[in-house]
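Participant: For reference, the sequence and a predicted model appear below.
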Amino acid sequence: MSEDLSEIIGKHIVYKYGELGVYEAYFQSDQLFVYSIHGGPMKGRSNYQKAYYQKIREHIYNVSWIEETGTIVTITVDLELKKVHCFIAFSQGHWEKNEEAHGDKRNPADLERWRALAKIGDHTTRVIHLDVAPIIDIYDGPGELKPVTMDMPFF
């Protein structure tokens, strides 16, 4: 059974968490998610992931992924109420060495550094972050985020 994801695919949102800052996300396809972070401790991070989408009901979607740093993320995007709810399980390495998690996955040195962060700590040393962020802007297309293809490196 395939879900109708047409409402979220192709959308671009900008949202702001309290202490984590401003995030920008482009839901490129039913398999790809591109994002950039513009504020907070993770500022300066540009990334893309293989995404797992789930439609909860009209206007509400879960998007989940695992990062090279070992961090696990699920965001619930409510396009109608313009909110993003998050569950982030930061790896110890990603949280404690967040400046090393800055960069762009398209740069091989950044990608290798991120992969090393996943090896710090274990599943019991994760830092859990729950938050609700207002969506500041919603529009169609990638904006300034660079679209990706399935032949690029993933986790």
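Facilitator: Everything's here; your move.
Participant: who touches the closest residue in space to R126 that isn't next to it in sequence in this structure?
Facilitator: Counting by C-beta to C-beta, 6 or more residues apart in numbering, R126 lies nearest to A89, which is 4.5 Å off, once chain neighbours are set aside. For every residue, glycine as well, the C-beta is placed using N, CA and C. With contact taken as C-beta atoms under 8 Å, 6 or more residues apart in numbering, A89 is in contact with 71-73, 126-128.
Participant: Need the max-distance pair from those residues.
Facilitator: V73 and V127 (12.5 Å; C-beta to C-beta).
Participant: Looking at these two now, which is surrounded by more residues?
Facilitator: V73 (19 against 14; other C-beta atoms under 10 Å).
Participant: My read is that that one contacts W65, right?
Facilitator: Yes - in this structure, V73 is within contact of W65 by C-beta atoms under 8 Å, at 5.7 Å.
Participant: of the contacts of A89, closest to Y15?
Facilitator: V73 (13.4 Å).
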